[in-house]
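> Give the three-dimensional model of this entry:
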Amino acid sequence: MSDIFLGFIVIGLSFTGLALGLIMRNEPIKGSCGGMANLEEGAPCQICGRTDTEVCDQN
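From the prediction side, this is the model:
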């Protein structure tokens, strides 16, 4: 039982550290592959089908 408790504490501290690092950097989260930023001009997104990257920047 103490192993499970210790595991939850380690995972909780890890998530807390990641959250604090994200807050301290004060930057928006970026995708790993670039998403809409890597599309060629006029090419549709393979996920949502949009061709205008300005629509995605408004969110």
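
> number of nearby residues for Arg25?
Residues lying near Arg25 (other CB atoms under 10 Å) number 9. Every residue, glycine included, has its C-beta placed from N, CA and C.

> May I have the secondary structure class of Ser14?
Here Ser14 is recorded as helix under DSSP: H, G, I helix; E, B strand; the rest coil.

> Now stretch 7-25 - C-alpha only, CSV.
Taking C-alpha atoms only, stretch 7-25 is exported to CSV below (Å, rounded to 0.1, in the frame of the first residue of the first chain):
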residue,chain,number,x,y,z
GLY,A,7,3.7,6.5,-6.6
PHE,A,8,0.8,9.0,-6.4
ILE,A,9,3.1,11.5,-4.6
VAL,A,10,5.8,11.2,-7.2
ILE,A,11,3.3,11.6,-10.1
GLY,A,12,1.6,14.5,-8.3
LEU,A,13,4.9,16.3,-7.8
SER,A,14,5.8,15.7,-11.4
PHE,A,15,2.5,17.3,-12.6
THR,A,16,2.9,20.2,-10.2
GLY,A,17,6.5,20.8,-11.4
LEU,A,18,5.3,20.8,-15.1
ALA,A,19,2.5,23.1,-14.3
LEU,A,20,4.7,25.6,-12.5
GLY,A,21,7.2,25.5,-15.3
LEU,A,22,4.5,26.3,-17.8
ILE,A,23,3.1,29.1,-15.7
MET,A,24,6.6,30.6,-15.1
ARG,A,25,7.5,30.6,-18.8
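
> residues near Pro28, how many?
Counted with other CB under 10 Å, Pro28 comes out at 6.

> actually Leu22, not the one I typed
12.

> Would you list the phi and psi of it?
Note on Leu22: its backbone torsions stand at phi -70, psi -40 [degrees, to the nearest 10].

> Pretty sure it sits against Phe15.
No - taking contacts as CB atoms under 8 Å, Leu22 lies outside contact range of Phe15: 10.6 Å.

> In this protein, where is pLDDT below threshold?
Where the chain drops to pLDDT under 70, the residues are 30-59.

> element containing Asp3?
helix 2-25 (DSSP states H and E).

> and for that helix, what are the contacting residues?
Helix 2-25 is contacted by residues Ile29 when judged by CB atoms under 8 Å, 6 or more residues apart in numbering.
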